[in-house]
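Asks: sequence unavailable; structure follows:
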Ligand code: IVH
């Protein structure tokens, strides 16, 4: 049995670990230890307390809000995905959003589109599932497809009705959970008094409270909820967003009191200014305004992009700015060899976040020109030692707004962009396609190889937890990982007698190593789009990877087609895919013709299991799995809408005719394609026939 003095020091040690991991989770959004370790620490802590009750939770650990949520809450798949919103940072972006809607729907300037204005509350989105009018499940957003089941805690929130008067089978009501500012101030005062850790903002307090494993009635009753959308069946409840909000009120939900419908965009933007000016007077934090197309019929026609609706946008409040000095200018080399200048700043607080570097984009930006060669900042260049205004918009890397040359040291010199790659020493060249300065030494440039490995494990690719940039560099320099497949051989090296912990030195323990092996093991199962993205092929970003995955469906289809194409020296099968441009085609062909790349790829394929790309909510109709080509203009649809409809029905739209095309969809004033289709014996279809075929009735 522990002596009392030992018990005290053990309690102290455990409390520090527990508090640190909670803080990492709730305030930094990071998991430093596994759930099991966390649970183990808590039970050790409790065990000691049970032996020495007089030490009664000295460090207030058991009283702190928040637990590690991962395995504690059941993971549940959303019935309909929870999308996010694309952003507008200024009025021009909002006008452009409307312009794109008009173009998609083929509407003229004179035709009106009503927009609903709703504040964007800085809380957590929650999906409430009602079955036959009774609250059945409450799910957090999670990754948009799978959320955490927080039903028990949600039941304690006064704004969430346990039963509603609509008794349909399943109804998903969505909205935002938030912690009001006044309650947040009280909570933190209370926590401080007890010597417990406080929350850094109301959002974290809301997240901590909603995800407590042991519900805390007192605290949960402070949480609030605004309803703003329906996951399924919205069109049955109302015909427009504004009416839906009214229906929500009738059902017993709160909706936001600032929400309003606008017919005139000018008035909407004026209201934005007004709400921006009064935002600090509200009892909840808002970080922008959401604009939604009011008419549900139009919403339905507009549909969704891969992760956001076309019918809504978040107009973000202006970014926070601060002034600081550039201490140094460094050159970073990306995975495709681009040399990117980065300003190392004297650390400065920008809207609550400490910032110590900002992007300088490229050589032209430093010299005072934009991408089109126009002067920016009155042509002033940027130098080491300069005073600059830095801003943060969203979560992206901070940017430089302006430079104050009146404060410049007369002895300073213009920045000289290197002629040779700082990593491998190769001569750099300007890339004519995008004016970037690049190192073309590719596979022999250490910086590029390391950047490629970092990309491979990054969140949107293999998403391997516990492999930060520094660790990858260490692995690379110690010759443990040179190419992607090496990640999957790490564990066997360990089994073959390599003592990792000794080899890697400080910072590594048994636990951290086991966790890493576990994440690597888990990552072997990967979806096709992520896999394509992970390969780091130039011009094949997230979006292009999704287009390719959607088109080919499975890795085998894709790989066989590209191998056959290269063998026959054919590119048409790629260039005919809507959304795949010439640069992408050249880059894909280049990658898959490069024997070194193929060797690395084949090696990798021995370890991974690539899952087929599954399209969500595909409607099955007569055009499903068919290939179509469009010609001419259409009465009821723009090209973009037609393409989106075809995709929703699981059909493929190609840009040119060949033997494997099923239909030519013929609009008004068609081109030469009609003749070509006749020659190839491809069936022609007119707009009205098409509408009947897909059962179009909007
Ligand atoms: S609509 C498909 N309305 O913003 C539409 N979202 O980036 C999805 N949010 O995760 C959301 N206030 O947590 C909508 N009035 C509002 C909102 C709102 C806050 C959050 C929500 C979502 C994120 C979208």
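Replies: Ah, there it is. Just so it is clear, the structure is predicted and the values come from calculations on it, not from any experiment.
Asks: closest residue of the chain to the ligand?
Replies: residue 125 (3.2 Å; CB to the nearest ligand atom). Quick note: C-beta positions are derived from backbone N, CA and C, even for glycine.
Asks: residues touching that residue, list them.
Replies: 82, 140, 141, 174, 175, 176, 177 (CB atoms under 8 Å, 6 or more residues apart in numbering).
Asks: doesn't the fifth one lie inside a strand?
Replies: Yes: secondary structure of residue 175, determined by DSSP: H, G, I helix; E, B strand; the rest coil: located in a strand.
Asks: so where's the longest helix in the protein?
Replies: helix 4-28 (DSSP state H).
Asks: re the thing from before, what about the residue of the chain closest to the ligand, which SS state?
Replies: strand.
Asks: and the gap between it and residue 653?
Replies: According to CB to CB, to the nearest Å, residue 125 and residue 653 sit 33 Å apart.
Asks: make sure I have this right: residue 185 is in a helix.
Replies: Yes: under three-state DSSP, residue 185 sits within a helix.
Asks: related to what we said a few turns ago, what pLDDT does the residue of the chain closest to the ligand get?
Replies: Per-residue pLDDT puts residue 125 at 95.
Asks: please tell me how far it sits from residue 285.
Replies: Counting by CB to CB, the gap from residue 125 to residue 285 is 15 Å.
Asks: swap in residue 689?
Replies: 53 Å.
Asks: so which of these two has more stuff around it?
Replies: residue 285 (21 against 14; other CB atoms under 10 Å).
Asks: list the buried ones in stretch 379-393?
Replies: 380, 381, 382, 383, 384, 386, 387, 388, 390, 391, 392 (16 or more other CB atoms under 10 Å).
Asks: now residue 262. Nearest residue, chain neighbours left out?
Replies: Closest residue in space to residue 262, ignoring its immediate chain neighbours: residue 268 at 3.9 Å, by CB to CB, 6 or more residues apart in numbering.
Asks: how many neighbouring residues does the one you found have?
Replies: 22.
Asks: before we move on, what about residue 7?
Replies: 17.
Asks: biggest strand in the chain, by residue count?
Replies: strand 320-333 (DSSP state E).
Asks: in its sheet, what does it sit against?
Replies: strand 339-350 (antiparallel), strand 387-392 (antiparallel) (DSSP bridges).
Asks: so what secondary structure elements neighbour the helix or strand hosting residue 685?
Replies: Element membership for residue 685, per DSSP states H and E: strand 683-686. Judged by 3 or more CB pairs under 8 Å, 6 or more residues apart in numbering; DSSP states H and E, strand 683-686 is in contact with strand 663-666, helix 673-680.
Asks: pick the most buried one from those.
Replies: strand 663-666 (a mean of 22; mean count of other CB atoms under 10 Å).
Asks: so in that sheet, which strands flank the strand holding residue 685, and in what orientation?
Replies: Counting by DSSP bridges, strand 683-686 is paired with strand 663-666 (parallel).
Asks: the partner strand: how far from the chain's middle?
Replies: From the chain centre to the centre of strand 663-666 is a distance of 36 Å (CA atoms, centre = their mean, to the nearest Å).
Asks: test my guess that residue 261 contacts residue 113.
Replies: No: at 11.1 Å, residue 261 and residue 113 do not qualify as touching, with contact defined as CB atoms under 8 Å.
Asks: what's the weakest-modelled helix or strand in this structure?
Replies: helix 500-504 (a mean of 69; mean pLDDT, DSSP states H and E).
Asks: right, and the helix or strand after that one?
Replies: helix 510-523.
Asks: for that following helix, buried residues please.
Replies: Within helix 510-523, the residues that count as buried by 16+ other CB under 10 Å are 512, 513, 515, 516, 519, 520, 523.
Asks: same question for stretch 411-418.
Replies: 415, 417.
Asks: and what of stretch 85-99?
Replies: Buried residues in stretch 85-99, defined by neighbour count with 16+ other CB under 10 Å: 85, 87, 88, 89, 94, 97, 98.
Asks: now do the third one against residue 256, distance only.
Replies: Remark: distance between residue 88 and residue 256 (CB to CB) = 19 Å.
Asks: again with residue 325
Replies: 42 Å.
Asks: next SSE downstream of the helix or strand that contains residue 204?
Replies: If you go by DSSP H and E, residue 204 is part of helix 202-210. The helix or strand immediately downstream of helix 202-210 is helix 217-220, counting by DSSP H and E.
Asks: check whether the helix or strand just after that next one comes near the ligand.
Replies: Of the helices and strands lying after helix 217-220 in sequence (DSSP H and E), the nearest is strand 224-230. Yes: using CB under 6 Å from any ligand atom, strand 224-230 reaches the ligand at 228, 229.
Asks: against which helices or strands is whichever strand or helix holds residue 583 packed?
Replies: Element membership for residue 583 (DSSP H and E) is helix 582-593. Counting contacts by 3+ CB pairs under 8 Å, 6+ apart, helix 582-593 is packed against helix 555-567, helix 572-575.
Asks: okay, the angle between it and helix 555-567?
Replies: Counting by axes from the mean of the first three to the mean of the last three CA atoms, to 10 degrees, helix 582-593 lies at 90 degrees to helix 555-567.
Asks: residues of helix 582-593 that come out buried?
Replies: Neighbour-count burial for helix 582-593 flags 584, 585, 586, 587, 588, 589, 591, 592 (criterion: 16+ other CB under 10 Å).
Asks: any idea of the mean pLDDT in it?
Replies: The model assigns helix 582-593 a mean pLDDT of 95.
Asks: pull the distance from that helix to the chain's centre.
Replies: Counting by CA atoms, centre = their mean, helix 582-593 comes out at 26 Å from the chain centroid.
Asks: what lies in contact with that helix?
Replies: 433, 535, 537-540, 544, 562-563, 565-566, 571, 574-575, 597-598.
Asks: which of these count as buried?
Replies: Neighbour-count burial (16+ other CB under 10 Å) applied to these gives 535, 537, 538, 539, 540, 544, 562, 565, 574, 575, 597.
Asks: so what's the second one up against?
Replies: Right, residue 537. 587, 588, 591.
Asks: residues from the protein in reach of the ligand?
Replies: Applying CB under 6 Å from any ligand atom, one finds that the chain approaches the ligand through 83-85, 118, 120-121, 125, 141, 176, 228-229, 290, 309, 312, 314.
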